[in-house]
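Peer 1: show me how the following folds:
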Amino acid sequence: MASAAYANIKLFSGNSHPELAALIAKRLHIPLARATVVQPGSGETKVTITESVRDFDVYILNTCAGEVNTSLMELCIMIHACKIASARRITAIIPHFFYARQDKKDKSRAPITAKLVANMLREAGCDHVITMDLHASQIQGFFDVPVDNLYAEPLMVDYIRNHFDDVRDVVIVSPDAGGAKRATNIADKLNVDFALFHKERKRANEVSRMVLVGSVKDKVAILVDDMADTCGTMGLAARNLIESGAKKVYSFATHGILSGPAIKVINESGMEKLVVTNTIPLADRAAECSKIEQIDVSHVLAETIRRSHFGESVSYLFHEVPYSNGR
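Peer 2: Okay, here's the model as predicted:
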């Protein structure tokens, strides 16, 4: 039975991360709305919304994970199905945004695929987007509808305060100049030192050289980034930090993609632990590596839905962790 306060909310899930959708529904004290999303032998995605959404505030969760293109099509078709079924408002919850790293034309004839994704969602009938730690914040400008880009920084700060004996021993490190703002924000909130790496790449996902700017000698170094993909940069940075005198090295990332040799790199890098959020399902990958730990973001997303539904400000969540027990 749905809570009376949320009687006009429907929360649907695609196939990419039903576990996270279930956690959000539990915190909102509502059942997951019923929909059938299948890929028959023809390869097409078939969606059936099996309950009424007329005049409801509809939220649909699918994240960039696994079969990415299939997940994107699932989301677009579910949005379209709810739109033509007379939903009052449709919000796409995309914890890890599709094609976020293809946000600019970096060479001749290159596509801006993140803009294409924004167009697809709009044409499908999306009225609002909720996402987390966009790789490039300007992606919000690709949309003609409101975008709430949430941050994992408050969760990371909270984790560090609760899991490290002496925060004064910590130095926050950005693995590249692009992540300097994220790292300095965390360092400022903890009132600790900050360092960064200048890196040179031979090609995508392959770093040729890293130079540390700042001191980590006799400190606990914490690397922070928005995503951990092949973990090549993090692994190389961890080794450089240990060579530079760091006592221990931890890594934090919002999105744990962990593709290719990521697990091998983590195990061999010398880092104590990789902490990621559950914007991407990691059950199988995490089982391969004892160094991986996940932070739950369901209470942040649930509170965002609540505030969005009742017309309250979401900006509070950019800086604070909402109450996570129960709701």
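Peer 1: which residues sit against stretch 94-102?
Peer 2: By Cβ atoms under 8 Å, 6 or more residues apart in numbering, the residues outside stretch 94-102 that reach it are 17, 20, 61-65, 68, 71-72, 75, 110-114, 116-117, 129-132, 134-136, 139, 227, 254-255, 257, 277, 279-280, 297, 301. Glycine gets a C-beta too; all of them are placed from N, C-alpha and C.
Peer 1: check which residues of stretch 157-166 are buried.
Peer 2: For stretch 157-166, a neighbour-count test (16 or more other Cβ atoms under 10 Å) marks V157, Y159, I160, F164 as buried.
Peer 1: for that stretch, give me every contacting residue.
Peer 2: Contact with stretch 157-166 is made by V167, V170, I186, K189, L190, V220, I222, F252, V275, I295, V321, as judged by Cβ under 8 Å, 6+ apart.
Peer 1: same question, stretch 131-151
Peer 2: 93-97, 100-101, 103-104, 114-115, 118-119, 121-122, 126-130, 152, 226-227, 254-255, 277, 279, 297, 300-301, 304, 308, 314, 317-318.
Peer 1: pull up the distance across it, start to finish.
Peer 2: Using Cα to Cα, to the nearest Å, one end of stretch 131-151 lies 9 Å from the other.
Peer 1: show me what counts as buried in it.
Peer 2: 131-136, 139, 142-143, 147-151.
Peer 1: now stretch 9-27
Peer 2: Here stretch 9-27 shows 9-17, 20-25, 27 as buried, counting by 16+ other Cβ under 10 Å.
Peer 1: now, those that are in strands?
Peer 2: I9, K10, L11, F12, S13 (DSSP state E).
Peer 1: from the chain's centroid, how far away is stretch 60-78?
Peer 2: 14 Å (Cα atoms, centre = their mean, to the nearest Å).
Peer 1: ends of that stretch, what's the gap?
Peer 2: 8 Å.
Peer 1: wait, a helix at V53?
Peer 2: No: judged by DSSP: H, G, I helix; E, B strand; the rest coil, V53 forms no part of a helix; its state is coil.
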